[in-house]
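>>> curious how this folds, go ahead:
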Amino acid sequence: MNFSSMEYFIALAEERSFTRAAQRLMVTQQTLSAHIAGMERELGVRLVNRTVPLTLTYAGEVLLGYAHRFEADRRAMEQEFADIAGDAQGLLRVGIASTRGRLLMPRAIAAFRQSRPGVRVHVEEGENAELVQALREGRVDMVVATVPAGLAGVDSRLLRTEQIVLVASWSMLRALYGERARQVTEEVVRSGSLAPLKGCPFLLLGRHDEPGDLSRLLLERAGLPGEAPVVSSNSETLFDLAMRDVGATFVPHDLAQAMLGGEAARAMCVMNLGPAARIDIHVAWRSSSHVWSVMADFAQLLADQLDPGGSV
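Numbers count the residues shown, from 1 in each chain. Alright, predicted model coming up:
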């Protein structure tokens, strides 16, 4: 097996089709099929079930893990030699949640492109757990995410601590609590507990996303139901629904500031939930004896753009 064999197998595993994988690789189906057959002969196992859609055998799933790590090591090697040669070109793949990406990436990438015009940037959006897994498998070069302390095979540095706030329309709050609406929200801010909001519908992010998991934990601590009338992977969508009186939702403080202006600022209540609703945001990459200078520069740019370790 060689570099091409691993690349071909990953493409086939992701596309689940010889036709699509061959198109993606810009080779003929016969060439791709020959590579896969050769790998199966070399390993002495069947890697794929040639059905429609194509599926991987157990051996194929095992090989896919090795193939991702193999490709990640190959990229790390190419990046190190690019630094040795002083070649300021290449592709930087950055994983980030969509809401955080909207807030951080435009300014960061614009500044980065000025200093590194030869480097292309691909932004991969996803939920936190998906991003960390993509990093460990080498499908992205670096992530801006919440990374568990001491995660094997990953190096990380703290960028900032993100404050999560609860937003709800005053019209919905008055419909629920009448003249007590302001008193209820002040009690939430004072105590940091959601208990005074009994009967309020909460709009939540999906599970395995840090703000979504945190909001469910806060609801559980307050003894409130964690089932939501609306679940979405997009905080902006939930914010817009909150503005339409559908429910209250949890968003980063920065997003609330960016979304609220003019009439919207007067129509919406923003409740700071205090230290219990803070999330550490890291920049991270796979552990290696050499850190690609492109990644280091982008990480430093993000750190300069933000207040490292600060609360917002």
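
>>> C-terminal to the host helix or strand of Val123, what's the next element?
Under the criterion of DSSP states H and E, Val123 resides in strand 119-125. As assigned by DSSP H and E, the chain's next helix or strand after strand 119-125 is helix 128-136.

>>> ok, residues contacting that following helix?
95-97, 124, 126, 140, 142-143, 145-148, 151, 153-154, 208-210, 284-286 (CB atoms under 8 Å, 6 or more residues apart in numbering). To be clear about C-beta, it is placed using only N, CA and C from the backbone, and glycine gets the same treatment.

>>> just the ones of these in helices?
Glu210 (DSSP state H).

>>> surely Val154 and Val283 touch.
No: look at Val154 against Val283 with CB atoms under 8 Å: they stay out of range, at 11.0 Å.

>>> the more surrounded of the two?
Using other CB atoms under 10 Å as the criterion, Val154 and Val283 rank with Val283 on top: 24 against 17.

>>> hey, what's that one bridged with?
Applying DSSP bridges to Val283 gives these bridge partners: Val144, Arg157.

>>> tell me which residues touch it, please.
Met142, Val143, Val144, Ser156, Arg157, Leu159, Ala299, Leu302, Ala303 are the contacts of Val283 under CB under 8 Å, 6+ apart.

>>> which among the contacts of helix 128-136 count as buried?
95-97, 124, 126, 140, 142-143, 145-147, 154, 209-210, 284-286 (16 or more other CB atoms under 10 Å).

>>> list the contacts of Gly153.
By CB under 8 Å, 6+ apart, the neighbours of Gly153 are Arg136, Arg286, Ser287.

>>> after the worst-scoring helix or strand of the chain on mean pLDDT comes which helix or strand?
Least confident helix or strand of the chain, by mean pLDDT, DSSP states H and E, is helix 263-267 with a mean of 81. Where DSSP H and E defines the elements, the next helix or strand beyond helix 263-267 is strand 268-272.

>>> ok, that next one: who's next to it in the sheet?
Assessed with DSSP bridges, strand 268-272 is paired to strand 154-169 (antiparallel).

>>> how far is the helix or strand following the strand it pairs with from where the chain is centred?
Next in sequence after strand 154-169, counting helices and strands by DSSP H and E, comes helix 170-177. Relative to its chain's centre, helix 170-177 lies at 33 Å (CA atoms, centre = their mean, to the nearest Å).

>>> heads up, I number from 45, so please use that
Fine by me, first position is 45 from now on; the one you just mentioned is helix 214-221.

>>> quick one: helix 214-221 to strand 312-316, angle?
80 degrees (axes from the mean of the first three to the mean of the last three CA atoms, to 10 degrees).

>>> now for the next helix or strand after helix 214-221, which elements pack on it?
Using DSSP H and E, the helix or strand that follows helix 214-221 in sequence is helix 225-235. Helix 225-235 is packed against helix 214-221, strand 312-316, with contacts defined by 3 or more CB pairs under 8 Å, 6 or more residues apart in numbering; DSSP states H and E.

>>> okay if I get the ones you listed as a markdown table plus distance to Leu299?
Converted to a markdown table, those look like this (distance: least, CB to CB, whole Å):
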| stretch | distance to Leu299 |
| --- | --- |
| helix 214-221 | 19 |
| strand 312-316 | 11 |
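
>>> quick one: mean pLDDT over stretch 84-91.
In this model, stretch 84-91 has a mean pLDDT of 94.

>>> got the buried residues for it?
Glu84, Leu91.

>>> and it, how far out from the chain's middle?
Using CA atoms, centre = their mean, the offset of stretch 84-91 from its chain centre is 35 Å.

>>> returning to that earlier point: return the most buried member of the helices and strands packed on helix 225-235.
strand 312-316 (a mean of 19; mean count of other CB atoms under 10 Å).

>>> dump it to CSV, restricted to CA.
The C-alpha trace of strand 312-316 is given here as CSV (Å, rounded to 0.1, in the frame of the first residue of the first chain):
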residue,chain,number,x,y,z
MET,A,312,-35.7,41.3,24.0
CYS,A,313,-34.5,40.5,27.6
VAL,A,314,-31.0,39.2,28.0
MET,A,315,-30.3,37.3,31.2
ASN,A,316,-26.7,36.7,32.3
